[in-house]
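Novice: Fold the following.
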Amino acid sequence: DTVTHGPESPWGEHEIDYVLFFTVESKDQLTVEPHPDEVDDVCWVTKQKLLAMFDDKSLLFSPWFRIIAHRWMLSKDGWWDDLAATMTT
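Specialist: Numbers count the residues shown, from 1 in each chain. Take a look at the predicted model:
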């Protein structure tokens, strides 16, 4: 993939993106079919697994996803810590 941010990048990204949350009893209840030009991979992770993935330099994440995740999903009292409130407010 091409890194599209930072001082060495050949391009820049300026877009609106969405983070979608679903609650399901089983992973089998949800089928995800992302557009292959937009999404490289989809996986189910725990909060701890996502934090470990962010530390893995071999994985690429868009800057906006890192910002959203750290600011609102993973922070103290963030969305992940109270999914019931996240899904109903």
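
Novice: which stretches of this protein aren't confidently modelled?
Specialist: Low-confidence segments of the chain (pLDDT under 70): 1-6, 9-17.

Novice: Tell me where the longest helix sits in it.
Specialist: Using DSSP state H to define each element, the chain has its longest helix at helix 47-55.

Novice: which of the residues in that helix are buried?
Specialist: Neighbour counts over helix 47-55 (16 or more other C-beta atoms under 10 Å) mark no residue as buried. Every residue, glycine included, has its C-beta placed from N, CA and C.

Novice: which SSE is the most centrally placed residue in the chain in?
Specialist: Centroid check for the chain by C-alpha atoms, centre = their mean gives Phe65 as the closest residue, at 5.1 Å. Using DSSP states H and E, Phe65 sits within helix 63-68.

Novice: sorry, back to before: okay, the longest helix of the chain in CSV with CA atoms only?
Specialist: What follows is helix 47-55 as a C-alpha-only set of coordinates in CSV (Å, rounded to 0.1, in the frame of the first residue of the first chain):
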residue,chain,number,x,y,z
LYS,A,47,-9.2,-3.6,22.6
GLN,A,48,-5.8,-5.1,23.6
LYS,A,49,-5.3,-6.6,20.2
LEU,A,50,-6.0,-3.3,18.4
LEU,A,51,-3.5,-1.6,20.7
ALA,A,52,-0.9,-4.2,19.8
MET,A,53,-1.6,-3.9,16.1
PHE,A,54,-1.0,-0.1,16.3
ASP,A,55,2.4,-0.9,17.7
